[in-house]
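> Dropping the sequence and predicted coords here.
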Amino acid sequence: MFQVSSFKFQVLNKIFAVLVTALGFSSIVVAQENPPVPLAPRSVTIPTPQEKTLPNGLRVIVITRKNVPLVTAQLLIKNGGEVDPQNFAGTADMTAQLLTKGTKTRTATQIAEQIEFLGGSLESSADWDGSEITF
């Protein structure tokens with residue numbers, strides 16, 4: 001009966017592994033030589049924004065997409081950390097964070113529960129040059 005020594009068996013296993021790996025990579029390369037034909041570009045319709053300035057100077061921009069049953073509102077304020085008082089760095093960021101922490105009539109938990117009940121979220125943040133509230 002034919003017997004293979006342990007050393008020869010290990011060498012044969014390594015050669016076999018190299019051959020299988022090489023053949024596997026060659027099939028991948030062949031598969032990539034003929035990429036699929038690209039599809040024709042889809043037409044994109046961008047809704048026209050409607051803009052209005054309120055009497056207090058607030059500029060409101062609305063984009064309506066009737067096929068999407070979602071509402072997003074974002075309030076952007078052009079003041080952030082850059083207008084913090086000299087001895088009170090972080091005032092804009094602290095103010096933005098406090099906006100979600102409750103009011104005189106509702107606690108932060110009540111606000112979060114009511115917004116979550118509607119499937120929404122409420123976020124606020126402040127950067128160097130602006131602050132924002134999104135819901």
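Alright, I've got the coordinates.

> From now on I want contacts and neighbour counts done on CA atoms only, so please keep to that.
Fine.

> Secondary structure class of residue 111, three-state.
helix (DSSP: H, G, I helix; E, B strand; the rest coil).

> Can you name the residues that contact it?
Under the criterion of Cα atoms under 8 Å, 6 or more residues apart in numbering, the neighbours of residue 111 are 100, 102.

> ok, now with 7 Å
Contacts of residue 111 were listed using Cα atoms under 7 Å, 6 or more residues apart in numbering, and they are residue 102.

> I'd like the distance between it and residue 102.
Plainly put, residue 111 is 7 Å away from residue 102 if you go by Cα to Cα, to the nearest Å.

> do the same with residue 70
For residue 70, the distance to residue 102 under the criterion Cα to Cα works out to 25 Å.

> Same question for residue 69.
Counting by Cα to Cα - residue 69 and residue 102 are separated by 28 Å.
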